[in-house]
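In: here are the coordinates; sequence isn't available:
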């Protein structure tokens, strides 16, 4: 073989033989793998052997799978550095696209044996379809494309494997207990299981044995289509089963810890269809529900719901959409993920691996002539700008933002680079909310209208209103279910003027001039006086001092 690899190709008369250079090089390397290094040097790229490429971690966070498939490029990480492996190292289009995306020369290109990149990209695409729900595994590893297996007490008793029995029993028991999340935590001597019920973690049981903990995590990985052999990095997946005749989705997150792997399963009950959700059944008082409804029914503009994780923001938006979904408007949502199905509403799941982000999806939605748009969460300047422009051009836009209160939301948008006057012109209002546990109706004192405790001080409320004594219904906690506390900030002309002037005094005057305004603190105190919840429970969510 000539020293100059490319010169040798021309000397063989490859083009005269009717073959393109890329095809001929591929055939040549396939016939003699030792030529891979020489070809890589001639083409100015790195050479990666197939076994090394197979073991490398993919970096679809740098190059989304959708773009990788289009360019025929596999992004991987070797020794802490990213490499972009070209299926066709002769492709000028692929190289130019990488150079445009990574202009600081951080795109290190490479090549491997012919066919390796295409094979690994095909596997990645198949795994993506699996994760997207095109193929889902049932509770015994079978394909849900054929059938979703049902878990019942009888089926649990018949499970021959103790690990399968443990996992299925946990899934069944958690649903019976109204758990929103299942925590499986590695301990020095085995596995600890806790449920989050009504927003609070409760210890359920401890399972002794390191082997049991390891096998339980492997079982969950099989269900969620995750890599069983990978135990060093976090993994996310999902699966679904039928429990008590209801289809239940589980979002699974596995992370490594000091004593082994830990998992959290978010329980999504798909039987809670969107059409059953309304503002009247979310636990808001009548005054709050009326104000939220009035804000949501404005024909155009931006409505934001804010609060910490687990405060019910998405559920509030689903309730609003259910009430707006009367069949006369086009309603489109983009969510991460779609948690409840709304009949008659076009719902789009975010898929960042394939390049479908909130911003990209929102642009596409606006070409579908929507009346109402719901964006699951506004996280970045691009999404915020598009949402604001959409609200200014006659669309009703609903979204959530992570912030402590309504005024923090406004500051965050401005921090993201949105022009203040434009944002305030588009914004109709902000709903800031929290969820607190309700006193158990079975073992607690009946609630009233609050008149008996109207003049009670904070210290009085702390001692006079107590949780229930504890019963089977509330698992001995004295609380059962939750209620919503909300502060609705409506942006009328005086408030917009005060915010633009950045004047605290004018802001307080605008709030005082709004007779319908109720602060979060006042809403919480009203709920305590009505014996719906306790001072101690509210203190976990907001500062009452």
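Out: Structure received. Please read all numbers here as calculations on a predicted model, not as lab measurements.
In: what about stretch 343-359, how long is it end to end?
Out: End-to-end distance for stretch 343-359: 24 Å, by CA to CA, to the nearest Å.
In: Stretch 100-109 too?
Out: 13 Å.
In: Equivalent analysis for stretch 47-58, please.
Out: The first and final residues of stretch 47-58 sit 17 Å from each other (CA to CA).
In: Show me where the stretch 151-300 of the chain has its helices.
Out: 153-158, 162-176, 210-223, 286-296 (DSSP state H, counting those that start in this stretch).
In: and these as JSON lines, adding mean neighbour count, mean pLDDT and distance to residue 419?
Out: Backbone N, C-alpha and C define where each C-beta goes, glycine included. Formatted as JSON lines, those follow (neighbours: other CB atoms under 10 Å; pLDDT from 0 to 100; distance: least, CB to CB, whole Å):
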{"stretch": "helix 153-158", "mean neighbour count": "12", "mean pLDDT": "78", "distance to residue 419": "58"}
{"stretch": "helix 162-176", "mean neighbour count": "19", "mean pLDDT": "91", "distance to residue 419": "47"}
{"stretch": "helix 210-223", "mean neighbour count": "19", "mean pLDDT": "90", "distance to residue 419": "47"}
{"stretch": "helix 286-296", "mean neighbour count": "18", "mean pLDDT": "92", "distance to residue 419": "23"}
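In: Show me the one of these that comes nearest residue 511.
Out: helix 286-296 (13.9 Å; CB to CB).
In: helix or strand right after that closest one?
Out: strand 301-306 (DSSP states H and E).
In: and residue 456, which of the helices of the stretch 151-300 of the chain is closest to it?
Out: Once those are compared by CB to CB, helix 286-296 is nearest, at 20.3 Å.
In: Other residues contacting that closest one?
Out: Residues from elsewhere that reach helix 286-296, judged by CB atoms under 8 Å, 6 or more residues apart in numbering: 279-280, 282, 284, 303, 316, 320, 323-324, 398, 428-429, 431, 484, 486, 488, 490, 516, 518, 523.
In: before we move on, the earlier item: can you tell which of the helices of the stretch 151-300 of the chain is closest to residue 94?
Out: Judging the helices of the stretch 151-300 of the chain by CB to CB, what sits closest to residue 94 is helix 210-223, at 33.8 Å.
In: I figured residue 111 was touching residue 90, is that so?
Out: No: applying CB atoms under 8 Å, one finds residue 111 not in contact with residue 90, separated by 9.6 Å.
In: So which of these two has more stuff around it?
Out: Neighbour count, other CB atoms under 10 Å: between residue 111 and residue 90, residue 111 has more, with 24 against 15.
In: From the contacts of helix 286-296, which land in strands?
Out: 303, 398, 428-429, 431, 484, 486, 488, 490 (DSSP state E).
In: neighbour-wise, which of those residues leads?
Out: residue 431 (29 neighbours).
In: Report the beta-bridge partners for that residue.
Out: residue 305, residue 488 (DSSP bridges).
In: Just list the residues touching it, thanks.
Out: Contacts here follow CB under 8 Å, 6+ apart; on that basis residue 431 touches 292, 295, 303-306, 316, 406, 486-489.
In: Residue 234 and residue 476: what is the separation?
Out: Distance from residue 234 to residue 476, counting by CB to CB, to the nearest Å: 34 Å.
In: go on, residue 52?
Out: Counting by CB to CB - residue 52 and residue 476 are separated by 56 Å.
In: Over to residue 46?
Out: 62 Å.
In: These two: who's more crowded?
Out: The residue with more neighbours, out of residue 46 and residue 476, is residue 46; 17 against 13, by other CB under 10 Å.
In: The closest residue in space to the more buried one that isn't next to it in sequence: neighbour count?
Out: Using CB to CB, 6 or more residues apart in numbering and skipping the chain neighbours, the partner closest in space to residue 46 is residue 110 (3.9 Å). Applying other CB under 10 Å, we find 20 residues neighbouring residue 110.
In: Just confirm residue 110 is within a strand.
Out: Yes: per DSSP: H, G, I helix; E, B strand; the rest coil, residue 110 lies within a strand segment.
In: what's it in contact with, if anything?
Out: The neighbours of residue 110, taking CB under 8 Å, 6+ apart as the test, are 40, 45-48, 83-86.
In: Sort out for me which of those are in strands.
Out: Here DSSP E is the test, and the contacts of residue 110 give 46-47, 83-86 as lying in strands.
In: Now the two most distant members of those.
Out: Farthest pair in the ones in strands among the contacts of residue 110 (CB to CB) is 47 and 84. Separation: 13.7 Å.
In: out of the two, which sits in the busier spot?
Out: Taking other CB under 10 Å, residue 47 and residue 84 do not tie; residue 84 has more neighbours (26 against 20).
In: Any figure for the gap between the more buried one and residue 36?
Out: 17 Å.
In: on that earlier part again, what pairs with the residue nearest to residue 46 across the strands?
Out: Bridge pairing for residue 110 - DSSP bridges - gives residue 46, residue 85.
In: Fine, thanks again, bye for now.
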